[in-house]
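Novice: any chance you could fold what I've pasted below:
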Amino acid sequence: MGLSRTIRCRTAESAGKLSKHLIKLGSGMGKSYPGYLFIQIGSLKCVNYLARKLSIGSIIITGTNGKTTSTKITILLLTKDAKLTFNYESNTINAIVTGLLTGKVDLGVFEYGIRDVKHGIPDTVCKIVDPVGVVYTNISREHSQVSGRENPFEEYLMAKQLLSTPMKRGVVICNADDPRTTIIGKNKEQDTKVTYYGLDIDLEDKTPLTGDVFCPLCHGNLVYSKRYLNHRGIYECISCGFKRPEPDIKLTKLLLEKEKWWVSLVGEIYNYSTDKNVSIDLQVPLPAFGIHNLYNLLCAVTTYVSFTPQPENIKKTIIDTCETLDLSILPPGRFEIFKVKDKWVGMGQGDNGDALKANIQFMESYLGDDITGNTAFIYTTPDEGEDEIFEDHLSSLNSLNPVIVHVIPGRESVEAGRSYYNILKESLHADFYPLSHEDMDKRIDKIRDLVKESSYKYIIVSGCGPEQYMWGNLKLRCKSHKKNS
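Specialist: Just a heads-up that it's a prediction; the model follows:
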């Protein structure tokens with residue numbers, strides 16, 4: 001790096017660190033501003049100047065669902081063994097750079113959301129951050145519109161893959177149960193070490209798939225011998241032979257109790273920090289927080305074991321961390337179950353087909369078959385141009401067959417909500433409340449009143465909507481009513 005660029009990068013670093021300090025003294029600039037300022041002064045090319053200061057390197061976690069929870073648990077584990085910088089719930093290169101402005105530490109752990117190539121620059125992020133780890137949670141149909149532009153699933157999948165495409169060192173970590181993340185791993189095996197994780201438990205998702213799932217190699221039909229959660233399971237292509245790889249680490253022996261679950265973690269994983277394989281075989285307790293969060297835990301444990309510089313601490317660190325986990329680890333919009341008077345309420349964001357289906361499955365596993373025929377569903381709709389998401393949602397709703405579906409717009413367009421309602425009411429008993437995005441308080445209050453006034457024992461509230469702005473506030477108001485009732 002030439003002298004002029006070195007000066008420019010150091011100037012950008014000083015300005016970024018100063019702004020990071022000022023943010024602590026005030027409010028309003030957010031997690032991303034110091035990184036934004038650094039890039040404006042120093043350019044994207046200067047990001048590598050910061051990244052090289054990490055003694056081990058950066059880990060970037062991406063996927064459709066579970067990014068934030070997986071990142072949080074990973075941080076809880078790694079912070080016991082190493083000096084970390086991290087960022088989550090702010091899925092941009094600016095947020096990653098803000099984390100890198102911490103200075104000399106061992107590892108950076110960053111959540112990164114990618115919706116398309118134009119807005120996500122995933123391959124550029126990989127080149128400038130030069131991560132030692134890229135981690136994939138899962139990939140399912142999400143936003144089919146980004147900034148008013150159509151975002152086909154094939155482009156969305158390609159954008160996810162590009163995040164690890166330039167890697168020539170380190171470890172790519174993939175969910176073996178997801179054929180879409182598996183193909184990313186298979187394409188990287190010649191360049192880097194690839195570690196796969198997956199479930200091996202006596203559990204099966206017998207509800208219909210939401211959306212078509214084809215072989216990512218030849219586009220033939222995938223045959224599942226077992227599905228754990230929607231398209232995640234044990235699969236094989238009858239045309240080309242592409243199949244689920246044997247996971248390097250598995251989650252086994254799931255024991256479900258009302259307030260606590262027990263799981264076993266078994267496997268042998270390559271550890272990047274020591275360049276050696278590490279074996280684990282242990283049983284840990286968890287809060288009862290849904291099958292989808294078992295994947296988040298397994299993803300986090302795999303990442304931790306892959307990068308901890310102190311592998312001798314692995315067993316104690318995992319057990320200690322799991323014993324202290326509680327539902328506060330979940331982001332504000334994530335699905336949780338609580339009681340309001342004599343009613344069980346499951347509430348949280350489900351803004352793609354996988355997420356809403358996981359929410360329903362969690363409600364069923366937590367409360368049992370009794371929810372059949374005794375459940376009301378308050379459904380918040382996708383926006384214009386998000387027909388694929390609605391199709392996935394409708395498939396799950398039809399499978400659940402609630403007694404009543406209260407339909408409320410979840411995003412900006414009331415008319416989109418109305419059109420989805422008109423389709424939904426052809427197969428399910430439903431009503432519609434045309435509440436605008438601009439008056440979010442009225443929308444939240446109406447949902448709270450529907451919960452309060454419902455005559456059904458079980459109520460599920462899920463669908464689209466901003467995580468904190470809508471779901472976080474909605475849960476707070478419903479829980480406040482719970483305390484006051």
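Novice: contacts for stretch 220-231 next, please.
Specialist: With contact meaning CB atoms under 8 Å, 6 or more residues apart in numbering, stretch 220-231 is reached by 140, 177-180, 199, 201, 203-206, 209-211, 213-215, 233-240, 291-292, 295, 353-354, 357-358, 361. Every residue, glycine included, has its C-beta placed from N, CA and C.
Novice: for residue 257, give me phi and psi.
Specialist: Main-chain torsions, residue 257, degrees, to the nearest 10: phi -120, psi 170.
Novice: make that residue 259, sorry
Specialist: The phi/psi pair for residue 259 (degrees, to the nearest 10) is phi -110, psi -10.
Novice: try residue 85
Specialist: Per degrees, to the nearest 10, the backbone of residue 85 is at phi -130, psi 150.
Novice: test my guess that it contacts residue 105.
Specialist: Yes. The criterion here is CB atoms under 8 Å, and residue 85 meets it with residue 105 at 5.0 Å.
Novice: hmm, back to that, among the contacts of stretch 220-231, name the buried ones.
Specialist: The neighbour count (16 or more other CB atoms under 10 Å) marks 140, 177-180, 199, 201, 203, 205, 209-211, 213, 215, 233-237, 291-292, 295, 353-354, 357-358, 361 as buried among the contacts of stretch 220-231.
Novice: the residues you listed in helices, which ones?
Specialist: In helices, defined here by DSSP state H, the members of the buried ones among the contacts of stretch 220-231 are 179-180, 291-292, 295, 353-354, 357-358, 361.
Novice: that older thread, can you list residues touching both of residue 85 and residue 105?
Specialist: Counting by CB under 8 Å, 6+ apart, the common neighbours of residue 85 and residue 105 are residue 54.
Novice: what about the two, which has more around it?
Specialist: residue 85 (23 against 17; other CB atoms under 10 Å).
Novice: tell me the helices and strands packed up against the longest helix along the chain.
Specialist: Secondary structure of the chain per DSSP H: the longest helix is helix 3-25. If contacts are counted by 3 or more CB pairs under 8 Å, 6 or more residues apart in numbering; DSSP states H and E, helix 3-25 sits against helix 33-42, helix 47-51, helix 93-100.
Novice: partners of whichever strand or helix holds residue 172, with directions?
Specialist: According to DSSP states H and E, residue 172 maps onto strand 171-175. Listed by DSSP bridges, the sheet partners of strand 171-175 and their directions read strand 133-136 (parallel), strand 193-200 (parallel).
Novice: highest mean neighbour count out of those strands?
Specialist: Among those, ranked by average contacts under mean count of other CB atoms under 10 Å, first place goes to strand 133-136 (a mean of 30).
Novice: just how off-centre is it within its chain?
Specialist: Counting by CA atoms, centre = their mean, to the nearest Å, strand 133-136 is centred 13 Å from the centre of its parent chain.
Novice: what's next to it, contact-wise?
Specialist: 57-63, 70, 74, 126, 160, 163-164, 167, 170-175, 178, 181, 184-185, 272, 299, 302-303, 306-307.
Novice: equivalent analysis for stretch 264-271, please.
Specialist: With CB under 8 Å, 6+ apart, stretch 264-271 has contacts from 171, 193, 195, 197, 247-253, 276-284, 298, 301-302, 305-308, 311, 318.
Novice: go again with 7 Å.
Specialist: 171, 193, 195, 247-253, 277-284, 301-302, 305-306, 311 (CB atoms under 7 Å, 6 or more residues apart in numbering).
Novice: can you select the buried ones from those residues in PyMOL?
Specialist: Burial among the contacts of stretch 264-271 is assessed by 16+ other CB under 10 Å; the matching PyMOL selection reads:
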select buried, resi 171+193+195+247+248+249+250+251+278+280+284+301+302+305+306+311
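Novice: what does the pLDDT read for residue 337?
Specialist: pLDDT, residue 337: 88.
Novice: any weak-confidence spans in the stretch 1-150 of the chain?
Specialist: Scanning the stretch 1-150 of the chain for pLDDT under 70 picks out the ranges 1, 24-30, 118-120, 142-150.
Novice: if you set the cut-off to 90 instead, what comes out?
Specialist: 1-8, 13, 16-33, 43, 45, 64-66, 87-93, 102-104, 113-121, 140-150 (pLDDT under 90).
Novice: where do the strands sit along the stretch 151-300 of the chain?
Specialist: 171-175, 193-200, 222-229, 232-237, 249-256, 260-271, 276-287 (DSSP state E, counting those that start in this stretch).
Novice: save those as TSV, and put in distance to residue 443 and mean pLDDT too.
Specialist: Output for the strands of the stretch 151-300 of the chain, formatted as TSV (distance: least, CB to CB, whole Å; pLDDT from 0 to 100):
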stretch	distance to residue 443	mean pLDDT
strand 171-175	34	98
strand 193-200	37	97
strand 222-229	29	93
strand 232-237	32	96
strand 249-256	35	91
strand 260-271	34	95
strand 276-287	30	95
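Novice: and of those strands, who's closest to residue 109?
Specialist: For those, the distance to residue 109 is smallest for strand 171-175, at 12.4 Å, taking CB to CB.
Novice: quick one, strands of the stretch 301-450 of the chain?
Specialist: 336-340, 343-349, 375-381, 404-409, 430-432.
Novice: what's the closest of the ones in helices among the buried ones among the contacts of stretch 220-231 to residue 411?
Specialist: residue 353 (15.4 Å).
Novice: residue 328 versus the closest one, what's the distance?
Specialist: Residue 353 is 27 Å from residue 328, where distance means CB to CB, to the nearest Å.
Novice: repeat that for residue 434.
Specialist: 35 Å.
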